[in-house]
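Chemist: Sequence and predicted model, in that order:
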Amino acid sequence: MFVGGDLCRIFLLALAVLLLSFPACAESCPKEKELVILDTDMVELYDDGIAMLMLTASPEIELLGVTVVAGNTWVEEGAAYALRQLEGAGHAASVPVAMGKNAPLREGRLGNMKKERELFGFGRDDWQGAGGYARPESWRAVYRGTYKAEPKFAPIEQHAVDFIIEQVKKYPGKVTVAAIGPCGNIAEAVRRAPEIIPLIKRIVYMGGAFFQEGNVTPAAEFNCWFDPEAAKIAFRSPFREQIIVPLDVCEKVKLSAKRYAETEKNIKNPIFSEMLRRNFRHEKFKADPDYVTYIWDTIVSAIIIDPTIITEETSLPVDVNDSYSLSYGQTLAFKGGAPKGAQTARIVLSVDEEKLWKMIFETCRKL
């Protein structure tokens, strides 16, 4: 039989053991990984490719899959590029690639892009992406033609939109979507299955230009200009959290000849070294050492891996102009009264560049 003093001592001893076990558990218990879907208009290495490889290389991230959308490239190209890079990094067997929407929501848009820009104005970037050249025969044809080899893996049969819906429902409240291309897949997913909206942990976009001019037109940034209707659907969906990485921050982080040379120095994998040599920037840096470009999408992955990389941001209601007019595709942030339906998003304005480049070069070395 225990008396009051004995019970008190036993309780205190048990409490001490419990408290002492907490630090050990904090050190030994594995941290739950961030679950991520990368939705992308994939290119080789800078910038979508590096963004993907940063996620696969991070021990804090589990990349559930790569969903490909048209934008910088056709879906067939994006799938081939994603597969080759995942193969090179040793992740093709564990990271599925799903092919998605291959055209903007506006009917006939791709065929009218050149004329449209004549009417609405040219920005400093003359890039039209998939709207500027013919669609490839197939992803296999792209792979064989680009890499002079047979692919070891293939995209899954499931459509990218269905993959997004499935994974979000499988892991409710846990999936971060890295949306680094036009929003066609995202818009179709929420239109088809609106019940996933509150189930997505957050969406981190690369897109838009809020407090500066656009790049492909005076008003619009490429991703939002390529499919304004889809961007509007995505931005207006009441997700738990939306973070936007616009040109406002992207054009502060410059890819110079020096940074490109550092990238080459850190990459030892011959598959990726070949990609760097084939990249159009390679010759541009050779011809003009003062040439600079940007690393847009890599910032999204860096933020997901380490949110402390953000050094300046603002939170405002946002929207996209989908009126077929001079400002088609323009993104807007409202400091005053916002239109009904506009959702508040975190707009990133500055990042820690040294920390960012360190993350990028660490990824390159791991390849």
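Modeler: All right, it came through fine. Residues are numbered from 1 along each chain as shown.

Chemist: For Ala342, which non-adjacent residue is spatially closest?
Modeler: Beyond its immediate neighbours in the sequence, the residue positioned closest to Ala342 (CB to CB, 6 or more residues apart in numbering) is Pro317, lying 4.0 Å away. (C-beta placed from N, C-alpha, C; glycine too.)

Chemist: roughly how far out does the strand or helix carrying the one you found sit from the chain middle?
Modeler: Remark: Pro317 resides in strand 310-320, with elements defined by DSSP states H and E. For strand 310-320, the gap between its own C-alpha mean and the chain's C-alpha mean amounts to 17 Å (CA atoms, centre = their mean, to the nearest Å).

Chemist: which other helices and strands contact it?
Modeler: helix 228-236, strand 331-333, strand 343-351 (3 or more CB pairs under 8 Å, 6 or more residues apart in numbering; DSSP states H and E).

Chemist: now the residue nearest the centre of the chain: how far from Ala92?
Modeler: Centroid-nearest residue in the chain, with CA atoms, centre = their mean: Ile180, separated by 3.2 Å. Ile180 sits 20 Å away from Ala92 when distances are taken as CB to CB, to the nearest Å.

Chemist: on that earlier part again, OK, contacts around the residue nearest to the centre of the chain?
Modeler: Neighbour list for Ile180: 38-41, 47-48, 51, 205-206, 223, 296-297, 300 [criterion: CB atoms under 8 Å, 6 or more residues apart in numbering].

Chemist: As a check, name the ranges of all strands in the stretch 201-350 of the chain.
Modeler: In the stretch 201-350 of the chain, the segments counted as strands under DSSP state E, counting those that start in this stretch are 242-245, 254-255, 293-294, 310-320, 331-333, 343-351.

Chemist: give me phi/psi at Thr176?
Modeler: The main-chain torsion angles of Thr176 are listed as degrees, to the nearest 10 and equal phi -100, psi 130.

Chemist: do you know how far it is from Arg135?
Modeler: 31 Å.

Chemist: Give me the more crowded residue out of the two.
Modeler: A count of neighbours by other CB atoms under 10 Å puts Thr176 above the other of Thr176 and Arg135, at 22 against 14.

Chemist: Bridged to His343, which residues?
Modeler: For the record, residue 343 is Gln, not His. Gln343 has the following beta-bridge partners by DSSP bridges: Val318.

Chemist: can you start the count at 64 instead of 1 from here on
Modeler: Sure, I'll start counting at 64 from here, so that last one is Gln406.

Chemist: Looks like it contacts Gln305 (just checking).
Modeler: Yes: with contacts counted by CB atoms under 8 Å, Gln406 reaches Gln305, the gap being 6.4 Å.

Chemist: and for these two, which residues touch both?
Modeler: Where contact means CB under 8 Å, 6+ apart, the residues bridging Gln406 and Gln305 through contact with each are 298, 381.

Chemist: before we move on, the earlier item: make sure the residue nearest to Ala405 is actually in contact with Gly399.
Modeler: No: using CB under 8 Å, Pro380 and Gly399 do not qualify as a contacting pair, with a distance of 9.7 Å.

Chemist: All good on my end, thank you.
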